[in-house]
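Asker: how would this look folded up:
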Amino acid sequence: MSKRQETVKKIGLFGCVANGIGAIIGSGIFGALPEGINSVGAMVIPALIAAAIYTIANMFPNVYASSVIPTSGSFFLYSTKLMHPFFGLWMTLQGILQPALIATFAVMFAEYFVVLFPAMAGHEIAIGIIMLIIFGILAWLGNHTFASVNNIMVLVMLCAIAVYVFIGIPNIDMSQLSLTESLGSGLTLTSFSATVGLFTSTLSGAGSVSQIADDTKNPRRDIPLTLILAPTIVCIIYMLMAVVTLGCMPGAEVANLADVGGRFLGSGLLTFFIVGGPICGILTSIVPVIMLSCALIQVSADHRVFPEIVARRNRYGVSTVILVFVIGFSVFLVGTGSSFGELMTIFSFVNTACAVPTCLVPFFLRKRYPNACRHTGLKLNVPLVYVLSIFALVVSVYLAITMFMELEILSWIIVIATVVISAIYFAGRMVYVRSKGGDLMAELKAPYAPWEEREAQCAKS
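Answerer: Here you go, the predicted structure:
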(Lines give C-alpha, C1' and ligand atoms only; values in the text may rest on other atoms or scores of the structure.)
Protein backbone atom coordinates (compact mmCIF):
# COMPACT_ATOMS: atom_id res chain seq x y z
CA MET A 1 0.00 0.00 0.00
CA SER A 2 1.37 3.42 -0.99
CA LYS A 3 2.05 6.20 1.49
CA ARG A 4 -0.79 8.25 -0.04
CA GLN A 5 -3.26 5.35 0.30
CA GLU A 6 -2.32 4.99 3.97
CA THR A 7 -2.73 8.73 4.62
CA VAL A 8 -5.97 9.50 2.74
CA LYS A 9 -9.14 8.15 4.33
CA LYS A 10 -12.16 7.28 2.20
CA ILE A 11 -15.49 9.14 2.03
CA GLY A 12 -18.72 7.14 2.43
CA LEU A 13 -22.11 7.58 0.76
CA PHE A 14 -23.40 10.04 3.38
CA GLY A 15 -20.26 12.15 2.99
CA CYS A 16 -20.60 12.08 -0.81
CA VAL A 17 -24.26 13.15 -0.75
CA ALA A 18 -23.55 15.85 1.87
CA ASN A 19 -20.66 17.09 -0.27
CA GLY A 20 -22.91 17.12 -3.34
CA ILE A 21 -25.74 18.98 -1.60
CA GLY A 22 -23.33 21.49 -0.11
CA ALA A 23 -21.63 22.10 -3.45
CA ILE A 24 -24.97 22.77 -5.17
CA ILE A 25 -26.75 24.88 -2.59
CA GLY A 26 -23.97 27.36 -1.90
CA SER A 27 -24.12 28.91 -5.35
CA GLY A 28 -27.70 27.96 -6.19
CA ILE A 29 -30.14 29.24 -3.63
CA PHE A 30 -28.20 32.02 -1.99
CA GLY A 31 -26.67 33.55 -5.10
CA ALA A 32 -28.34 32.48 -8.32
CA LEU A 33 -31.92 32.56 -6.99
CA PRO A 34 -31.98 36.35 -6.38
CA GLU A 35 -30.17 36.85 -9.69
CA GLY A 36 -32.78 34.74 -11.52
CA ILE A 37 -35.73 36.46 -9.85
CA ASN A 38 -34.39 39.88 -10.75
CA SER A 39 -34.04 38.75 -14.36
CA VAL A 40 -37.33 36.94 -15.06
CA GLY A 41 -39.57 37.55 -12.03
CA ALA A 42 -42.17 34.85 -11.30
CA MET A 43 -41.02 32.97 -14.41
CA VAL A 44 -38.14 31.83 -12.21
CA ILE A 45 -40.28 28.85 -11.18
CA PRO A 46 -40.75 27.53 -14.76
CA ALA A 47 -37.05 28.27 -15.26
CA LEU A 48 -36.21 26.13 -12.23
CA ILE A 49 -38.42 23.30 -13.51
CA ALA A 50 -36.77 23.45 -16.93
CA ALA A 51 -33.33 23.54 -15.29
CA ALA A 52 -34.20 20.54 -13.10
CA ILE A 53 -35.32 18.47 -16.10
CA TYR A 54 -32.20 19.36 -18.04
CA THR A 55 -29.90 18.79 -15.04
CA ILE A 56 -31.26 15.31 -14.38
CA ALA A 57 -30.94 14.41 -18.06
CA ASN A 58 -27.45 15.90 -18.19
CA MET A 59 -26.38 13.92 -15.10
CA PHE A 60 -27.18 10.53 -16.59
CA PRO A 61 -24.14 10.27 -18.89
CA ASN A 62 -21.97 10.84 -15.82
CA VAL A 63 -24.12 8.52 -13.69
CA TYR A 64 -23.75 5.75 -16.27
CA ALA A 65 -20.00 6.22 -16.74
CA SER A 66 -19.40 6.44 -12.97
CA SER A 67 -21.24 3.16 -12.43
CA VAL A 68 -18.92 1.49 -14.96
CA ILE A 69 -15.47 3.08 -14.58
CA PRO A 70 -15.42 5.75 -11.82
CA THR A 71 -12.17 7.68 -11.52
CA SER A 72 -10.88 10.96 -10.17
CA GLY A 73 -10.64 13.64 -12.86
CA SER A 74 -13.19 11.72 -14.90
CA PHE A 75 -14.29 14.74 -16.95
CA PHE A 76 -10.83 14.88 -18.51
CA LEU A 77 -10.29 11.12 -18.76
CA TYR A 78 -13.70 10.27 -20.25
CA SER A 79 -13.33 12.96 -22.91
CA THR A 80 -9.67 12.16 -23.67
CA LYS A 81 -9.60 8.38 -23.59
CA LEU A 82 -13.07 7.58 -24.90
CA MET A 83 -13.37 10.32 -27.55
CA HIS A 84 -10.40 12.51 -28.52
CA PRO A 85 -7.63 14.37 -26.61
CA PHE A 86 -8.91 17.72 -27.94
CA PHE A 87 -12.09 17.19 -25.91
CA GLY A 88 -9.92 16.44 -22.88
CA LEU A 89 -8.02 19.67 -23.36
CA TRP A 90 -11.37 21.49 -23.54
CA MET A 91 -12.29 19.95 -20.18
CA THR A 92 -8.92 21.09 -18.81
CA LEU A 93 -9.96 24.60 -19.81
CA GLN A 94 -13.02 24.17 -17.59
CA GLY A 95 -10.72 23.49 -14.67
CA ILE A 96 -8.66 26.56 -15.51
CA LEU A 97 -11.79 28.77 -15.62
CA GLN A 98 -13.45 27.11 -12.60
CA PRO A 99 -12.04 29.86 -10.32
CA ALA A 100 -14.80 32.08 -11.75
CA LEU A 101 -17.25 30.04 -9.65
CA ILE A 102 -14.93 30.02 -6.65
CA ALA A 103 -14.72 33.81 -6.90
CA THR A 104 -18.54 34.05 -6.81
CA PHE A 105 -18.50 32.25 -3.46
CA ALA A 106 -16.07 34.83 -2.10
CA VAL A 107 -18.22 37.70 -3.41
CA MET A 108 -21.38 36.18 -1.88
CA PHE A 109 -19.63 35.48 1.42
CA ALA A 110 -18.57 39.13 1.67
CA GLU A 111 -22.10 40.36 0.87
CA TYR A 112 -23.68 38.29 3.65
CA PHE A 113 -20.79 38.92 6.05
CA VAL A 114 -21.36 42.69 6.00
CA VAL A 115 -25.05 42.09 6.74
CA LEU A 116 -23.92 40.57 10.03
CA PHE A 117 -21.16 43.14 10.57
CA PRO A 118 -22.28 46.44 8.95
CA ALA A 119 -19.11 48.18 10.13
CA MET A 120 -17.18 46.12 7.57
CA ALA A 121 -19.16 47.60 4.65
CA GLY A 122 -16.83 48.87 1.96
CA HIS A 123 -14.26 46.14 2.63
CA GLU A 124 -16.02 43.36 0.71
CA ILE A 125 -13.08 42.68 -1.63
CA ALA A 126 -10.66 42.25 1.28
CA ILE A 127 -13.13 39.98 3.10
CA GLY A 128 -13.54 37.80 0.01
CA ILE A 129 -9.79 37.50 -0.52
CA ILE A 130 -9.13 36.58 3.12
CA MET A 131 -11.84 33.91 2.94
CA LEU A 132 -10.27 32.42 -0.21
CA ILE A 133 -6.85 32.19 1.45
CA ILE A 134 -8.28 30.50 4.56
CA PHE A 135 -10.20 27.92 2.55
CA GLY A 136 -7.27 27.39 0.22
CA ILE A 137 -5.31 26.28 3.29
CA LEU A 138 -8.18 23.95 4.27
CA ALA A 139 -8.26 22.51 0.75
CA TRP A 140 -4.51 21.84 1.02
CA LEU A 141 -5.35 19.31 3.77
CA GLY A 142 -7.35 17.18 1.31
CA ASN A 143 -10.91 15.98 0.69
CA HIS A 144 -11.46 13.83 3.78
CA THR A 145 -10.41 16.57 6.20
CA PHE A 146 -13.03 18.90 4.78
CA ALA A 147 -15.70 16.18 4.41
CA SER A 148 -15.85 15.67 8.18
CA VAL A 149 -16.55 19.37 8.81
CA ASN A 150 -18.77 19.63 5.72
CA ASN A 151 -21.28 17.03 6.95
CA ILE A 152 -22.02 19.12 10.05
CA MET A 153 -22.31 22.38 8.11
CA VAL A 154 -24.73 20.82 5.59
CA LEU A 155 -27.06 19.72 8.39
CA VAL A 156 -26.97 23.22 9.93
CA MET A 157 -27.63 24.74 6.51
CA LEU A 158 -30.67 22.53 5.90
CA CYS A 159 -32.06 23.55 9.31
CA ALA A 160 -31.62 27.24 8.39
CA ILE A 161 -33.40 26.69 5.08
CA ALA A 162 -36.25 24.93 6.90
CA VAL A 163 -36.63 27.98 9.17
CA TYR A 164 -36.75 30.29 6.13
CA VAL A 165 -39.33 28.14 4.32
CA PHE A 166 -41.71 27.20 7.11
CA ILE A 167 -41.82 30.66 8.75
CA GLY A 168 -41.96 32.35 5.34
CA ILE A 169 -44.89 30.36 3.90
CA PRO A 170 -47.60 32.04 6.07
CA ASN A 171 -46.29 35.46 4.94
CA ILE A 172 -46.57 34.81 1.20
CA ASP A 173 -48.50 37.33 -0.90
CA MET A 174 -50.03 35.11 -3.61
CA SER A 175 -50.40 38.05 -6.01
CA GLN A 176 -46.61 38.19 -6.33
CA LEU A 177 -46.54 34.64 -7.71
CA SER A 178 -48.50 35.57 -10.84
CA LEU A 179 -46.79 34.59 -14.09
CA THR A 180 -48.93 37.01 -16.13
CA GLU A 181 -47.12 40.12 -14.90
CA SER A 182 -43.70 38.60 -15.64
CA LEU A 183 -44.76 37.58 -19.15
CA GLY A 184 -45.96 41.10 -19.87
CA SER A 185 -42.86 42.89 -18.56
CA GLY A 186 -40.66 42.48 -21.63
CA LEU A 187 -39.47 38.96 -20.89
CA THR A 188 -37.57 37.48 -23.83
CA LEU A 189 -36.73 33.90 -24.75
CA THR A 190 -33.04 34.79 -24.56
CA SER A 191 -33.25 36.10 -20.98
CA PHE A 192 -35.38 33.12 -19.91
CA SER A 193 -32.93 30.67 -21.52
CA ALA A 194 -29.98 32.43 -19.90
CA THR A 195 -31.71 32.07 -16.52
CA VAL A 196 -32.30 28.37 -17.17
CA GLY A 197 -28.59 28.09 -18.01
CA LEU A 198 -27.72 29.87 -14.77
CA PHE A 199 -29.77 27.43 -12.70
CA THR A 200 -28.50 24.34 -14.54
CA SER A 201 -24.95 25.36 -13.69
CA THR A 202 -25.80 25.83 -10.02
CA LEU A 203 -27.63 22.49 -9.92
CA SER A 204 -24.64 20.70 -11.40
CA GLY A 205 -22.43 21.11 -8.33
CA ALA A 206 -22.81 17.44 -7.41
CA GLY A 207 -20.54 16.66 -10.35
CA SER A 208 -17.62 17.74 -8.16
CA VAL A 209 -18.02 14.47 -6.23
CA SER A 210 -17.43 12.40 -9.38
CA GLN A 211 -14.02 14.04 -9.74
CA ILE A 212 -12.77 12.61 -6.43
CA ALA A 213 -13.86 9.00 -7.01
CA ASP A 214 -10.50 7.65 -5.85
CA ASP A 215 -11.20 9.08 -2.39
CA THR A 216 -14.57 7.31 -1.94
CA LYS A 217 -15.21 3.92 -0.33
CA ASN A 218 -17.46 2.41 -3.01
CA PRO A 219 -17.24 4.71 -6.05
CA ARG A 220 -19.19 2.47 -8.49
CA ARG A 221 -22.22 2.72 -6.19
CA ASP A 222 -21.73 5.92 -4.16
CA ILE A 223 -20.84 8.28 -7.02
CA PRO A 224 -23.84 7.41 -9.26
CA LEU A 225 -26.24 7.54 -6.29
CA THR A 226 -24.86 10.93 -5.25
CA LEU A 227 -25.25 12.30 -8.78
CA ILE A 228 -28.95 11.34 -8.65
CA LEU A 229 -29.84 12.02 -5.00
CA ALA A 230 -28.07 15.36 -4.42
CA PRO A 231 -29.63 17.26 -7.38
CA THR A 232 -33.07 15.74 -6.70
CA ILE A 233 -33.04 16.84 -3.06
CA VAL A 234 -31.79 20.30 -3.98
CA CYS A 235 -34.39 20.71 -6.77
CA ILE A 236 -37.14 20.32 -4.17
CA ILE A 237 -35.42 22.81 -1.87
CA TYR A 238 -35.06 25.25 -4.79
CA MET A 239 -38.80 25.19 -5.46
CA LEU A 240 -39.70 25.87 -1.83
CA MET A 241 -37.16 28.67 -1.50
CA ALA A 242 -38.29 30.26 -4.78
CA VAL A 243 -41.95 30.31 -3.76
CA VAL A 244 -41.18 31.90 -0.38
CA THR A 245 -38.76 34.43 -1.88
CA LEU A 246 -41.18 35.47 -4.63
CA GLY A 247 -44.14 35.63 -2.26
CA CYS A 248 -42.35 37.68 0.40
CA MET A 249 -39.89 39.76 -1.62
CA PRO A 250 -39.95 43.56 -1.56
CA GLY A 251 -41.15 45.43 -4.62
CA ALA A 252 -37.58 46.37 -5.58
CA GLU A 253 -34.92 43.94 -6.78
CA VAL A 254 -33.68 41.28 -4.34
CA ALA A 255 -30.09 42.01 -3.33
CA ASN A 256 -29.82 38.81 -1.28
CA LEU A 257 -32.04 36.43 0.66
CA ALA A 258 -31.21 38.11 3.96
CA ASP A 259 -33.26 41.11 2.77
CA VAL A 260 -36.25 38.84 2.16
CA GLY A 261 -35.79 36.89 5.42
CA GLY A 262 -35.71 40.16 7.35
CA ARG A 263 -39.40 40.71 6.46
CA PHE A 264 -40.64 37.74 8.48
CA LEU A 265 -37.77 36.50 10.67
CA GLY A 266 -36.96 38.02 14.05
CA SER A 267 -33.41 39.29 14.65
CA GLY A 268 -32.29 36.06 16.32
CA LEU A 269 -33.69 33.78 13.62
CA LEU A 270 -32.41 36.09 10.89
CA THR A 271 -28.89 35.84 12.31
CA PHE A 272 -29.22 32.04 12.46
CA PHE A 273 -30.50 31.99 8.87
CA ILE A 274 -27.60 34.12 7.59
CA VAL A 275 -24.95 32.11 9.44
CA GLY A 276 -26.51 28.68 8.97
CA GLY A 277 -27.87 29.32 5.49
CA PRO A 278 -25.92 31.57 3.10
CA ILE A 279 -22.61 31.50 4.97
CA CYS A 280 -22.64 27.74 5.65
CA GLY A 281 -23.92 27.18 2.11
CA ILE A 282 -21.04 29.12 0.63
CA LEU A 283 -18.49 27.42 2.87
CA THR A 284 -19.79 23.93 2.05
CA SER A 285 -19.46 24.74 -1.64
CA ILE A 286 -16.11 26.37 -1.86
CA VAL A 287 -13.75 23.51 -0.94
CA PRO A 288 -15.51 20.86 -3.10
CA VAL A 289 -15.35 23.25 -6.07
CA ILE A 290 -11.71 24.11 -5.33
CA MET A 291 -10.99 20.37 -5.26
CA LEU A 292 -12.96 19.86 -8.49
CA SER A 293 -10.86 22.49 -10.21
CA CYS A 294 -7.67 20.99 -8.80
CA ALA A 295 -8.74 17.47 -9.84
CA LEU A 296 -9.41 18.54 -13.44
CA ILE A 297 -5.99 20.19 -13.72
CA GLN A 298 -4.30 17.41 -11.71
CA VAL A 299 -5.34 14.60 -14.04
CA SER A 300 -4.18 16.68 -17.01
CA ALA A 301 -0.83 17.20 -15.30
CA ASP A 302 -0.61 13.47 -14.56
CA HIS A 303 -0.89 12.92 -18.32
CA ARG A 304 1.92 15.41 -19.07
CA VAL A 305 -0.32 18.22 -20.32
CA PHE A 306 1.49 20.31 -17.70
CA PRO A 307 5.09 20.04 -16.40
CA GLU A 308 5.94 17.40 -13.81
CA ILE A 309 6.25 19.96 -11.00
CA VAL A 310 2.56 20.81 -11.46
CA ALA A 311 1.52 17.18 -10.92
CA ARG A 312 3.55 16.73 -7.71
CA ARG A 313 1.22 16.16 -4.72
CA ASN A 314 1.55 16.69 -1.00
CA ARG A 315 0.89 13.90 1.52
CA TYR A 316 -2.84 14.66 1.40
CA GLY A 317 -2.98 14.05 -2.36
CA VAL A 318 -3.20 17.74 -3.35
CA SER A 319 -0.87 19.54 -5.77
CA THR A 320 0.38 22.71 -4.09
CA VAL A 321 1.20 24.32 -7.46
CA ILE A 322 -2.31 23.73 -8.81
CA LEU A 323 -3.94 24.88 -5.58
CA VAL A 324 -1.91 28.10 -5.59
CA PHE A 325 -2.97 28.75 -9.19
CA VAL A 326 -6.66 28.11 -8.45
CA ILE A 327 -6.69 30.33 -5.37
CA GLY A 328 -4.52 32.97 -7.05
CA PHE A 329 -6.80 33.20 -10.11
CA SER A 330 -9.85 33.38 -7.81
CA VAL A 331 -8.24 36.18 -5.80
CA PHE A 332 -7.49 38.05 -9.05
CA LEU A 333 -11.14 37.82 -10.15
CA VAL A 334 -12.40 39.02 -6.77
CA GLY A 335 -9.82 41.81 -6.85
CA THR A 336 -11.25 43.14 -10.14
CA GLY A 337 -14.42 44.05 -8.24
CA SER A 338 -16.60 41.90 -10.52
CA SER A 339 -20.17 41.34 -9.34
CA PHE A 340 -21.77 37.98 -8.61
CA GLY A 341 -23.79 38.20 -11.82
CA GLU A 342 -20.75 38.81 -14.02
CA LEU A 343 -18.70 35.99 -12.49
CA MET A 344 -21.63 33.56 -12.48
CA THR A 345 -22.37 34.25 -16.14
CA ILE A 346 -18.79 33.40 -17.08
CA PHE A 347 -18.89 30.16 -15.11
CA SER A 348 -22.36 29.20 -16.39
CA PHE A 349 -21.24 29.58 -20.02
CA VAL A 350 -18.04 27.58 -19.53
CA ASN A 351 -19.82 24.90 -17.49
CA THR A 352 -22.56 24.45 -20.09
CA ALA A 353 -20.14 24.45 -23.03
CA CYS A 354 -18.03 21.79 -21.31
CA ALA A 355 -21.14 19.66 -20.78
CA VAL A 356 -21.34 19.06 -24.54
CA PRO A 357 -18.61 16.38 -24.82
CA THR A 358 -19.70 14.62 -21.60
CA CYS A 359 -23.14 14.00 -23.14
CA LEU A 360 -21.47 11.76 -25.74
CA VAL A 361 -19.59 9.58 -23.24
CA PRO A 362 -22.17 6.73 -22.93
CA PHE A 363 -22.06 6.01 -26.68
CA PHE A 364 -18.28 5.64 -26.71
CA LEU A 365 -18.16 3.84 -23.36
CA ARG A 366 -20.34 0.91 -24.36
CA LYS A 367 -18.34 0.44 -27.57
CA ARG A 368 -14.93 0.46 -25.85
CA TYR A 369 -15.79 -1.46 -22.66
CA PRO A 370 -18.80 -3.71 -23.34
CA ASN A 371 -18.02 -6.20 -20.57
CA ALA A 372 -17.55 -3.53 -17.92
CA CYS A 373 -20.86 -2.00 -19.01
CA ARG A 374 -22.58 -5.30 -18.20
CA HIS A 375 -21.27 -5.16 -14.63
CA THR A 376 -22.30 -1.71 -13.45
CA GLY A 377 -22.44 -0.62 -9.83
CA LEU A 378 -25.96 0.74 -10.44
CA LYS A 379 -28.44 -0.87 -12.81
CA LEU A 380 -29.65 1.59 -15.45
CA ASN A 381 -31.83 1.39 -18.54
CA VAL A 382 -29.28 1.92 -21.34
CA PRO A 383 -31.75 3.10 -24.06
CA LEU A 384 -33.08 5.68 -21.58
CA VAL A 385 -29.52 6.84 -20.87
CA TYR A 386 -28.99 7.31 -24.62
CA VAL A 387 -32.21 9.31 -25.05
CA LEU A 388 -31.42 11.56 -22.08
CA SER A 389 -27.85 12.05 -23.32
CA ILE A 390 -29.04 13.22 -26.75
CA PHE A 391 -31.60 15.54 -25.14
CA ALA A 392 -28.92 16.99 -22.84
CA LEU A 393 -26.55 17.44 -25.80
CA VAL A 394 -29.07 19.49 -27.81
CA VAL A 395 -30.03 21.66 -24.83
CA SER A 396 -26.37 22.19 -23.84
CA VAL A 397 -25.48 23.51 -27.28
CA TYR A 398 -28.48 25.86 -27.31
CA LEU A 399 -27.88 27.17 -23.77
CA ALA A 400 -24.16 27.68 -24.41
CA ILE A 401 -24.92 29.83 -27.47
CA THR A 402 -27.59 31.79 -25.57
CA MET A 403 -25.34 32.47 -22.58
CA PHE A 404 -22.42 33.51 -24.77
CA MET A 405 -24.69 36.13 -26.33
CA GLU A 406 -25.54 37.40 -22.83
CA LEU A 407 -21.90 37.89 -21.74
CA GLU A 408 -20.68 41.40 -20.97
CA ILE A 409 -17.65 42.74 -22.90
CA LEU A 410 -15.28 42.14 -19.93
CA SER A 411 -16.56 38.57 -19.61
CA TRP A 412 -15.99 37.98 -23.33
CA ILE A 413 -12.45 39.26 -22.98
CA ILE A 414 -11.70 36.98 -19.99
CA VAL A 415 -13.16 33.87 -21.67
CA ILE A 416 -11.64 34.48 -25.12
CA ALA A 417 -8.25 35.46 -23.69
CA THR A 418 -8.15 32.31 -21.55
CA VAL A 419 -9.09 30.11 -24.53
CA VAL A 420 -6.46 31.72 -26.78
CA ILE A 421 -3.69 31.59 -24.17
CA SER A 422 -4.56 27.97 -23.35
CA ALA A 423 -4.55 26.98 -27.04
CA ILE A 424 -1.13 28.58 -27.51
CA TYR A 425 0.16 26.82 -24.41
CA PHE A 426 -1.21 23.39 -25.43
CA ALA A 427 0.35 23.73 -28.90
CA GLY A 428 3.67 24.76 -27.36
CA ARG A 429 3.53 21.90 -24.87
CA MET A 430 3.08 19.35 -27.67
CA VAL A 431 6.10 20.79 -29.51
CA TYR A 432 8.17 20.69 -26.30
CA VAL A 433 7.29 17.05 -25.53
CA ARG A 434 8.12 16.12 -29.12
CA SER A 435 11.52 17.81 -28.77
CA LYS A 436 12.21 15.51 -25.82
CA GLY A 437 11.46 12.43 -27.91
CA GLY A 438 7.83 11.99 -26.82
CA ASP A 439 4.44 12.30 -28.49
CA LEU A 440 1.90 13.93 -26.19
CA MET A 441 -1.06 13.30 -28.49
CA ALA A 442 -0.22 9.59 -28.79
CA GLU A 443 0.17 9.33 -25.02
CA LEU A 444 -3.21 10.96 -24.45
CA LYS A 445 -4.85 8.60 -26.94
CA ALA A 446 -3.34 5.49 -25.29
CA PRO A 447 -5.82 3.27 -23.37
CA TYR A 448 -6.15 3.98 -19.64
CA ALA A 449 -4.67 0.99 -17.76
CA PRO A 450 -7.18 0.80 -14.83
CA TRP A 451 -10.10 0.69 -17.29
CA GLU A 452 -8.40 -1.99 -19.37
CA GLU A 453 -7.90 -4.07 -16.22
CA ARG A 454 -11.55 -3.62 -15.26
CA GLU A 455 -12.67 -4.73 -18.72
CA ALA A 456 -10.44 -7.82 -18.56
CA GLN A 457 -11.80 -8.76 -15.12
CA CYS A 458 -15.40 -8.39 -16.27
CA ALA A 459 -14.71 -10.46 -19.40
CA LYS A 460 -13.74 -13.40 -17.16
CA SER A 461 -16.82 -13.22 -14.94
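Asker: the longest helix seen in the chain packs against which elements?
Answerer: Scanning the chain for the helix with the most residues, using DSSP state H, yields helix 219-248. On a contact count with 3 or more Cβ pairs under 8 Å, 6 or more residues apart in numbering; DSSP states H and E, helix 219-248 meets helix 13-27, helix 33-40, helix 44-68, helix 143-168, helix 189-203, helix 207-210, helix 257-261. All C-beta spots, glycine's among them, are computed from the backbone N, C-alpha and C.
Asker: could the ones you listed go into CSV alongside distance to residue 216, mean pLDDT and mean neighbour count?
Answerer: Converted to CSV, the helices and strands packed on helix 219-248 look like this (distance: least, Cβ to Cβ, whole Å; pLDDT from 0 to 100; neighbours: other Cβ atoms under 10 Å):
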stretch, distance to residue 216, mean pLDDT, mean neighbour count
helix 13-27, 6, 72, 27
helix 33-40, 30, 78, 22
helix 44-68, 10, 83, 24
helix 143-168, 9, 78, 19
helix 189-203, 21, 77, 24
helix 207-210, 8, 68, 28
helix 257-261, 32, 82, 23
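Asker: to residue 408, which of those lies closest?
Answerer: Closest to residue 408 of these is helix 189-203 (Cβ to Cβ; 12.2 Å).
Asker: quick revisit: the longest helix of the chain - what's its average pLDDT?
Answerer: Averaged over helix 219-248, pLDDT sits at 82.
Asker: make TSV out of the helices and strands packed on helix 219-248 and add distance to residue 432.
Answerer: Output for the helices and strands packed on helix 219-248, formatted as TSV (distance: least, Cβ to Cβ, whole Å):
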stretch	distance to residue 432
helix 13-27	35
helix 33-40	42
helix 44-68	31
helix 143-168	32
helix 189-203	34
helix 207-210	31
helix 257-261	49
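Asker: what's the closest of those to residue 330?
Answerer: The nearest among the helices and strands packed on helix 219-248, by Cβ to Cβ, is helix 13-27 at 13.5 Å.
Asker: the closest one - contacts with which helices or strands?
Answerer: helix 99-116, helix 143-168, helix 189-203, helix 207-210, helix 219-248, helix 280-302.
Asker: run the last query once more with 6 Å
Answerer: With contacts taken as 3 or more Cβ pairs under 6 Å, 6 or more residues apart in numbering; DSSP states H and E, helix 13-27 sits against helix 143-168, helix 207-210, helix 219-248, helix 280-302.
Asker: as JSON lines, those helices with distance to residue 19 would be great.
Answerer: What follows is the helices and strands packed on helix 13-27, written out as JSON lines (distance: least, Cβ to Cβ, whole Å):
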{"stretch": "helix 143-168", "distance to residue 19": "6"}
{"stretch": "helix 207-210", "distance to residue 19": "5"}
{"stretch": "helix 219-248", "distance to residue 19": "8"}
{"stretch": "helix 280-302", "distance to residue 19": "5"}
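Asker: closest one to residue 362 among these?
Answerer: helix 219-248 (12.6 Å).
Asker: identify each buried residue in the longest helix of the chain, please.
Answerer: Buried residues in helix 219-248, counted by 16 or more other Cβ atoms under 10 Å: 219-231, 233-235, 237-238, 240-248.
Asker: so which of the helices and strands packed on helix 13-27 is nearest residue 64?
Answerer: Of these, nearest to residue 64 by Cβ to Cβ is helix 219-248, at 7.8 Å.
Asker: tell me the angle that closest one makes with helix 33-40.
Answerer: For helix 219-248 against helix 33-40, the angle between stretch directions is 60 degrees (axes from the mean of the first three to the mean of the last three Cα atoms, to 10 degrees).
Asker: and helix 219-248, how far out from the chain's middle?
Answerer: 13 Å (Cα atoms, centre = their mean, to the nearest Å).
Asker: just want the angle from that helix to helix 13-27.
Answerer: 30 degrees.
Asker: quick one, phi psi at residue 264?
Answerer: Residue 264 adopts backbone torsions of phi -140, psi 0, taken as degrees, to the nearest 10.
Asker: was I right about it contacting residue 172?
Answerer: No. Using Cβ atoms under 6 Å, residue 264 is not in contact with residue 172; the gap is 9.4 Å.
Asker: and the gap between the closest residue to residue 238 other than its chain neighbours and residue 153?
Answerer: In space, and not counting its chain neighbours, residue 238 is closest to residue 48: 5.3 Å by Cβ to Cβ, 6 or more residues apart in numbering. Remark: distance between residue 48 and residue 153 (Cβ to Cβ, to the nearest Å) = 24 Å.
Asker: what of residue 331?
Answerer: 23 Å.
Asker: what's the helix or strand harbouring residue 401 packed up against?
Answerer: Following DSSP states H and E, one finds residue 401 within helix 382-406. Judged by 3+ Cβ pairs under 6 Å, 6+ apart, helix 382-406 is in contact with helix 44-68, helix 189-203, helix 340-358.
Asker: please enumerate residues in contact with the first one?
Answerer: Identification of contacts with helix 44-68 by Cβ atoms under 6 Å, 6 or more residues apart in numbering yields 36-37, 78, 195-196, 199-200, 203, 210, 220, 223-224, 227, 231, 235, 238, 242, 355, 358-359, 361-362, 365, 372-373, 376-378, 380, 385, 388-389, 391-392, 395.
Asker: before we move on, the earlier item: now the longest helix of the chain against helix 189-203, angle please.
Answerer: Going by the same axes, to 10 degrees, helix 219-248 makes 130 degrees with helix 189-203.
Asker: lovely, talk soon.
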